[in-house]
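[1] Just a sequence and a predicted model for now, questions to come.
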Amino acid sequence: MLYLYEILEDYQFATTDAEKEEIFSSFCQKIWEHPNQRTITEKPITFRIKPTLLKTEIGEVFSNYTSIPRNVCPSTTKNTGFASLIRQKLNNIYTYFFDENICSRKEYLDLLRLPKKLYFQWESFLGKGEPEWILSPKELSNTLEQAMADAKRLKETCAREKMKLSWEEYKQVAEGYFRRLFEHYQPLEEYQTDHALVLQTGTWNEDNFCISYFCSGLHGYFKNYQKSYYGLYNANSRRKTSYSRCACGNLFLQNRQRNRRLCDTCRKQSRSQSYSRYNEKRKTQLPHS
């Protein structure tokens, strides 16, 4: 079995373009045909209510939330081979930047887990022999309904913030970045000389270095892709820049002095609506001739 550093070295030492292309195509095939395929499954958040509590008023409220659906995409792999790890990184990047069906924000997950959390708090409360719980059945019902509504809105916001790119288009973009990483690869011994890298562990080897190089490079390239997608990428800029999200999902450059909250498109639309409301109000206030 070839290691990643051997593939990269073979590519560097290849004497013809045809030989380089064969090595590169073989690498791409290993990545895309690896068994670590990207799969979306439904993994509901579940809990069971004790039979003795099921017929109580509060138990009946909780019974409506004992299985809350949630789409997930595996984000880790137990396989330590370079093809599996790089493919996992590609799967995760697509989930984070492009898949509008997956929302992995902590706030969203906390909202979905709220019924389960409150149920076990209630169960623990009863176990201590307390006469009344902090929430009445109606208050509990309103709290959980609001949590589910907030979770739905947060997922919709998350979906708006995802970029539009099919999996096939994504593969083509990724292969362009593979090519750059192949061309810019610097062997570990050269990198150590240039950057004074000191390794303290015997378990870390050159292939770990190459895998880290590939995964970090892909993440950086797709962050730049995101900036380009929203027309914000400037290859010549070396200043630290701050970006914010508009309610519509667009990414925009934040002006620290003005603390902007809307992208240019929404700002123009908001101003237009404000002018229209002003004109309508002005018309109603003018005296009739």
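    Good, I have the coordinates. Residues are numbered from 1 along each chain as shown.
[2] In the protein, where is pLDDT below threshold?
    129-132, 191-204, 233, 235-240, 255-259, 270-289 (pLDDT under 70).
[3] Could you list the domains of it?
    As recorded under automatic domain parsing, the domains making up the chain are 34-160, 239-289.
[4] Quickly compare these and say which is most buried.
    Neighbour counts (mean count of other C-beta atoms under 10 Å) averaged over each of the domains of the chain peak at domain 34-160, with a mean of 15. The way it works is simple: take the backbone N, C-alpha and C, and place the C-beta from them, glycine included.
[5] how long is it end to end?
    One end of domain 34-160 sits 31 Å from the other (C-alpha to C-alpha, to the nearest Å).
[6] Repeat that for stretch 58-67.
    The first and last residues of stretch 58-67 sit 16 Å apart, counting by C-alpha to C-alpha.
[7] What lies in contact with that stretch?
    Residues from elsewhere that reach stretch 58-67 (C-beta atoms under 8 Å, 6 or more residues apart in numbering): 44-49, 53-54, 115-116, 118-119, 122, 133, 135, 137, 140-141, 144, 148.
[8] What count of nearby residues applies to F24?
    Using other C-beta atoms under 10 Å, F24 has 18 other residues around it.
[9] so the nearest residue to it once chain neighbours are set aside is in which element?
    Excluding its sequence neighbours, the residue lying closest to F24 (C-beta to C-beta, 6 or more residues apart in numbering) is F182, at 6.2 Å. Using DSSP states H and E, F182 sits in helix 167-184.
[10] gap between that helix and the chain center?
    Computed by C-alpha atoms, centre = their mean, to the nearest Å, the separation of helix 167-184 from the middle of its chain amounts to 20 Å.
[11] Give the buried residues for it.
    Going by neighbour count (16 or more other C-beta atoms under 10 Å), the buried part of helix 167-184 is Y170, K171, A174, Y177, F178, L181, F182.
[12] Would you format those residues as JSON lines with distance to I7 included?
    Shown next, in JSON lines, are the buried residues of helix 167-184 (distance: C-beta to C-beta, whole Å):
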{"residue": "Y170", "distance to I7": "22"}
{"residue": "K171", "distance to I7": "19"}
{"residue": "A174", "distance to I7": "16"}
{"residue": "Y177", "distance to I7": "16"}
{"residue": "F178", "distance to I7": "11"}
{"residue": "L181", "distance to I7": "11"}
{"residue": "F182", "distance to I7": "9"}
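[13] closest to W32 among these?
    K171 (6.5 Å; C-beta to C-beta).
[14] what sits against the closest one?
    Residues in contact with K171 (C-beta under 8 Å, 6+ apart) are W32.
[15] What separation do you get for it and P69?
    In this view, K171 and P69 are 29 Å apart by C-beta to C-beta, to the nearest Å.
[16] Compute the number of surrounding residues for K223.
    K223: 13 neighbours (other C-beta under 10 Å).
[17] Check which helix or strand L126 maps to.
    Using DSSP H and E, the element containing L126 is helix 106-127.
[18] So which elements touch that helix?
    On a contact count with 3 or more C-beta pairs under 8 Å, 6 or more residues apart in numbering; DSSP states H and E, helix 106-127 meets strand 45-46, helix 57-62, helix 137-160.
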